[in-house]
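Trainee: Requesting a structural model of the entry that follows:
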Amino acid sequence: MRSLSVVIPAYNEAENIEDVIASIPVSQLSDLGWSTEIVVVDNNCSDGTGELARAAGARVVFQPEKGYGNAYKAGFAAAEGEVIASGDADRTYPFDHLPELLAELESSGADFLTTDRLHSANRGAMKHSHFWANHALSFVSRLIFRHGIRDSQSGMWIFHRDVWAGIDVRSPGMAFSQEIKNAAVLAGYKVTETHIEYRVRGGDVKLNSVRDGVRNLAHLIGHRIRHDGPASGGSYEDQDVAAQAQAKAVRFPAMRSASVSEAEGATPGCQTGSGTAA
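Mentor: Here you go, the predicted structure:
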């Protein structure tokens, strides 16, 4: 039997975490030959999320350092499965479609499967400002990392655990989501993408489109510089400061839908699928 770890970062998601855990089809996955562990990362919650997750059958990892990336790093370190799946604790991601997503990972021969929320069927599940901010950041990510990933900000991924050991991902915060995809492409892993159903969030939205968008844009530029190496006579710290200044000066371009064929110079081995897990 193959082993799967479902890693879920959580910060004050008491109203959602039980439903999220219940949506993971452990019995169906077992019938398909998967032994599944659910790892919930309690990111210093104050509302009892961790206790509720443990009572619902999850293994709970405590991460006192707040941050989306910090939570994932703790969760991936604790995960024991040969394949890792991720998703948020807010009921937006379709964990009930994990059997189909795992089948797609296997049939595609991919190392890393990411998911695309930014298609028309999901428009009603995301705030208008978040929808276009996600499109803008994804456009910039495709442009500077030269790949065809349509949704650089999606938080649902399925990948072989050796990928995590082979990439350099540093972000402690929300930029972790784009960085893990870009790092996998840069490391030469086969990355594929598929449509998913994205659902209305349970509870209050915690993201700030402008603040988080600028931070993620600065991180994109910094990651590109870091991969290329510091300029002669400069340091990574100096260039991180320069990247943040550049990000504040950038205006997001007007967006339109971009097909894989439009990603001129896309990195070989980074493919996007037209199928859907919805």
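Trainee: Touching, Tyr11 and Val40? I think so.
Mentor: No. In this structure, Tyr11 is not within contact of Val40 by Cβ atoms under 8 Å, at 11.0 Å. In this view, the C-beta of every residue, glycine as well, is placed from N, C-alpha and C.
Trainee: Please say which of those two ends up with more neighbours.
Mentor: Val40 (29 against 21; other Cβ atoms under 10 Å).
Trainee: Which other helices and strands does the helix or strand that contains the more buried one contact?
Mentor: According to DSSP states H and E, Val40 maps onto strand 34-42. Under the contact criterion of 3 or more Cβ pairs under 8 Å, 6 or more residues apart in numbering; DSSP states H and E, strand 34-42 touches strand 2-10, helix 17-22, helix 26-31, helix 49-55, strand 59-62, helix 68-78.
Trainee: ranking the ones you listed by burial, who's on top?
Mentor: strand 2-10 (a mean of 23; mean count of other Cβ atoms under 10 Å).
Trainee: which helices and strands sit right next to that strand?
Mentor: Against strand 2-10 (3+ Cβ pairs under 8 Å, 6+ apart) you get helix 17-22, strand 34-42, helix 49-55, helix 68-78, strand 83-86, helix 98-108.
Trainee: Name the residues of the top helix by length along the chain that come out as buried.
Mentor: In the chain, ranked by residue count with DSSP state H as the criterion, the top helix is helix 209-228. Neighbour counts using 16 or more other Cβ atoms under 10 Å place 209, 212-226 of helix 209-228 among the buried residues.
Trainee: quick one on the thing from earlier: identify whichever of the helices and strands packed on strand 2-10 lies nearest to Phe139.
Mentor: helix 68-78 (21.5 Å; Cβ to Cβ).
Trainee: Rounded mean pLDDT for the longest helix of the chain, please.
Mentor: Average pLDDT, helix 209-228: 81.
Trainee: What of stretch 12-20?
Mentor: The average of the pLDDT scores along stretch 12-20 is 98.
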